[in-house]
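>>> the following block contains a protein sequence and its predicted model.
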Amino acid sequence: MTPADLLADAFGRIPDTVGATLDGIGDAVLYGRPDPEGNTIAWLVWHLIRVQDDHVCEVAGREQTWTADGWADRFALPLADAATGYGHTPDDVAAVRPSADLLRGYLAAVTERTLAFLRTVGPDDLDRVVDERWDPPVTLGVRLVSVVDDDAQHAGQAALLRGVLERSARA
């Protein structure tokens, strides 16, 4: 197994985790919040996909799936096309209200493009510096691990939040 194969396996697991969270989800849970300042499952999933799309496309040197394939238009959010969720206010979070199917579609498209990029990555490519704003500078390998780690954390948060919201509704 090559390092790129390992990364592809990790990125390929994100849709399974997200899919399990979205299966059979109702709007009250998809858009529900644990408190007025909290994130929704819809926002968490949208954010993890946007970050993957943004970061992987940047290191791949290509336009984001979000704009290149018309996902920004399909989501029709009252946010800038460049928005990925960083610095979002509670009102911004509340404005992200896509359907579970739309989230699944966007995630599938981003995952497909991520995996296609990873098929072009050789072991030596992972040492290429992709961001000199940090000390030490960030390599491609470090950036990709960072993105998949961020995705996994947000997918886990969404799964936990579903459980919390569904238990609260039954109580």
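Nice, thanks for sending it over. Numbering: from 1, shown residues only.

>>> the residue lying closest to residue 14 once chain neighbours are set aside and residue 3: what is the separation?
What sits nearest to residue 14 in space, not counting adjacent residues and going by C-beta to C-beta, 6 or more residues apart in numbering, is residue 151, at 4.9 Å. (Each C-beta comes from the backbone N, C-alpha and C, glycine too.) If you measure residue 151 against residue 3 using C-beta to C-beta, to the nearest Å, the figure is 18 Å.

>>> ok, the two, which is more surrounded?
The neighbour comparison of residue 151 against residue 3 (other C-beta atoms under 10 Å) goes to residue 151, with 28 against 17.

>>> what about the helix or strand hosting the more buried one, average pLDDT?
Using DSSP states H and E, residue 151 maps to helix 140-170. Helix 140-170 shows an average pLDDT of 96 in the prediction.

>>> quick one: residues contacting residue 53.
Residues touching residue 53, when contacts are defined by C-beta atoms under 8 Å, 6 or more residues apart in numbering, comprise 64-66, 110, 113.

>>> wait, which of those is closest to residue 85?
Distances from these to residue 85 were compared by C-beta to C-beta; the smallest belongs to residue 66, at 12.0 Å.

>>> model confidence score at residue 26, please.
According to the per-residue confidence, residue 26 scores 96 in pLDDT.

>>> how many neighbours does it have?
The burial count assigned to residue 26 is 12, neighbours taken as other C-beta under 10 Å.

>>> would you check how far apart it and residue 55 are?
Residue 26 sits 31 Å away from residue 55, going by C-beta to C-beta.

>>> check residue 169 too.
35 Å.

>>> okay, those two: which has more neighbours?
Neighbour totals were compared for residue 169 and residue 55, and residue 55 leads with 21 against 11 (other C-beta under 10 Å).

>>> can you tell me, leaving aside adjacent residues, what's nearest to residue 159?
Take residue 159 and drop its neighbours on the chain: the residue closest to it by C-beta to C-beta, 6+ apart is residue 21, 4.7 Å away.

>>> pretty sure that neighbour is touching residue 41, no?
Yes: proximity of residue 21 to residue 41 meets the contact threshold set by C-beta atoms under 8 Å, at 6.6 Å.

>>> now for these two: what residues contact both?
Common contact partners of residue 21 and residue 41 (C-beta under 8 Å, 6+ apart): 158, 162.

>>> tell me where the model's unsure across the protein.
Residue ranges of the chain with pLDDT under 70: none are present.

>>> quick one: residues in contact with stretch 106-118.
With contacts defined as C-beta under 8 Å, 6+ apart, stretch 106-118 is touched by 4, 7-8, 11-12, 14-15, 18, 45-46, 49, 52-53, 56-57, 59-60, 65-66, 69, 71, 74-75, 98, 144.

>>> great, nothing more from me.
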